[in-house]
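Enquirer: the sequence and its predicted three-dimensional model are supplied below.
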Amino acid sequence: MSSHDTSLKALNTFAIVADATEIITAHSPDDLVAAWGTAQKAKRPFLLLGEGSNVLFLENFAGVVVLNRIKGIEVTEWTKDWLLHVGAGENWHQLVVYALSHNIPGLENLALIPGCVGSAPIQNIGAYGIELQSLCEYVDVMNLETRDVIRLSTSECQFGYRESIFKHDYRDGYAIIAVGLRLSKNWQPKLTYGDLTKLEPASVTPQQIFDSVCQMRRSKLPDPAVTGNAGSFFKNPIVNIALAEKLKRQYPTMPYYPQKDGQVKLAAGWLVEQAGLKGFCLGGASVHQQQALVLINKDGATGDDVKALARHVRNAVAGHFAVWLEPEVRFISACGETNAVEALS
């Protein structure tokens, strides 16, 4: 366990200037428990952070920030599949690279998603036709008060679209320490989105899918190392079929994704773009010129600048389409995570 200076700027991909009272790096479950004890003893808020790729600091954090850096990748080979047991502090993209380099396919559609492995189940990350829940075998969660480790099966994780039990029952006082992924040896390519549809299903390789996904993401999304951002800022909204069909009649080119439950998923980025907001600036924050779903720190933005821009975007889209966008990014106030929708209302 090691302590840092108290600046959070390098620890959030938005590169928002903010401070914490204390920042601790945890390399083991015991480190997490010790850091939790430090915060409890001092009666200070406690925030567990991966790589800060999905958070917006609205102000200074009045407590202890703990960086989960529990490492390790263990591979077990079975007759029909591989099981990867992965430490929560491993980098997600590096895990994808590791699996491919060991001839274990199945993660390639999820290449270049920023953040740590431990953050993946919280959001049920997904891209290009695959969500984590289809690969997740279990998640190991530690109760920081009792040190008990609970292994939750996929069904117990209550996965939904950018949703899981880790945003609710296991949010406070718990830490994800490892994730189990089951990858089938009977590999089937998923080629339903973007440039992947141009690939030949009979001959395509996992590496070709990986390369295509990386190329698409790099062409559309700004590099956080160059321009502060947290990737997709808003969730793709899911609406009832009546509203979706009404909008489709008004906007025949609107992307439209029917869901199994009879509802329809719309493309949030398309809605923002149609509202004329590409490149729109407020304070130091801006809607990205290439991908309207991404809000960027264009010029020394504060958390308030990004929040004000997000509110403007949300209201403008609602005014145009009667669809209310919800942030995918977690909003962090002085005392911890705060309800993002309420913060923008």
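Expert: Okay, I see it. Numbers count the residues shown, from 1 in each chain.
Enquirer: show me where the stretch 1-150 of the chain has strands.
Expert: 2-3, 20-26, 46-49, 55-57, 61-68, 73-77, 81-87, 126-127, 130-131, 136-143, 149-153 (DSSP state E, counting those that start in this stretch).
Enquirer: which residues does stretch 232-249 contact?
Expert: Stretch 232-249 is contacted from outside by 161-162, 254, 256-259, 262-269, 271-272, 293-295, 310, 313-314, 321-329, using CB atoms under 8 Å, 6 or more residues apart in numbering. Every C-beta, even on glycine, is put in place using the N, C-alpha and C of the backbone.
Enquirer: gap between the longest strand along the chain and the chain center?
Expert: Ranked by residue count and defined by DSSP state E, the top strand of the chain is strand 174-184. Taking CA atoms, centre = their mean, to the nearest Å, the mean C-alpha location of strand 174-184 is offset from the chain mean by 15 Å.
Enquirer: mind listing what's buried along that strand?
Expert: Using 16 or more other CB atoms under 10 Å as the test for burial, strand 174-184 gives 174, 175, 176, 177, 178, 179, 180, 181, 182, 183.
Enquirer: so the first one sits against residue 142, correct?
Expert: Yes. With the criterion set as CB atoms under 8 Å, residue 174 and residue 142 qualify as a contacting pair; they are 6.6 Å apart.
Enquirer: for this structure, just list every one of the helices.
Expert: Along the chain, counting by DSSP state H, helices occupy 29-41, 92-101, 120-123, 206-220, 241-250, 268-274, 303-321, 340-344.
Enquirer: how about those, which one is nearest residue 51?
Expert: Of all the helices of the chain, helix 92-101 sits nearest to residue 51, with 8.6 Å by CB to CB.
Enquirer: what's the average pLDDT for the closest one?
Expert: What helix 92-101 shows for mean pLDDT is 98.
Enquirer: angle of it against strand 174-184?
Expert: What separates the directions of helix 92-101 and strand 174-184 is an angle of 30 degrees, with axes from the mean of the first three to the mean of the last three CA atoms, to 10 degrees.
Enquirer: what's helix 92-101 packed up against?
Expert: Helix 92-101 sits against strand 81-87, helix 206-220, with contacts defined as 3 or more CB pairs under 8 Å, 6 or more residues apart in numbering; DSSP states H and E.
Enquirer: mean neighbour count, these: which tops it?
Expert: Scoring the helices and strands packed on helix 92-101 by mean neighbour count under mean count of other CB atoms under 10 Å gives strand 81-87 as the most buried, with a mean of 20.
Enquirer: what comes into contact with that one?
Expert: With contact meaning CB under 8 Å, 6+ apart, strand 81-87 is reached by 70-76, 95, 99, 104, 117-118, 137, 177-185.
Enquirer: sheet partners, orientation included, of that strand?
Expert: Partners of strand 81-87 in the sheet, by DSSP bridges, are strand 73-77 (antiparallel), strand 174-184 (antiparallel).
Enquirer: average model confidence for stretch 206-220?
Expert: On average, stretch 206-220 scores 95.
Enquirer: need the nearest residue in space to residue 152, chain neighbours excluded.
Expert: Using CB to CB, 6 or more residues apart in numbering and skipping residues adjacent in sequence, the residue nearest residue 152 is residue 139, 5.0 Å away.
Enquirer: bridged to residue 184, which residues?
Expert: For residue 184, the beta-bridge partners are residue 81 (DSSP bridges).
Enquirer: now do the same for it: its pLDDT.
Expert: The per-residue pLDDT reported for residue 184 equals 97.
Enquirer: now find how far off-centre stretch 138-156 is within its chain.
Expert: With CA atoms, centre = their mean as the basis, stretch 138-156 stands 20 Å off its chain's centre.
Enquirer: how about stretch 82-90?
Expert: With CA atoms, centre = their mean as the basis, stretch 82-90 stands 17 Å off its chain's centre.
Enquirer: between the buried residues of strand 174-184, which sits nearest residue 215?
Expert: Proximity of those to residue 215, judged by CB to CB, is greatest for residue 183, which lies at 22.9 Å.
Enquirer: leaving out sequence neighbours, find the closest residue to that closest one.
Expert: Ranked by CB to CB, 6+ apart and with sequence neighbours excluded, the top spatial neighbour of residue 183 is residue 106, at 3.8 Å.
Enquirer: what's near enough to touch residue 304?
Expert: 58, 283.
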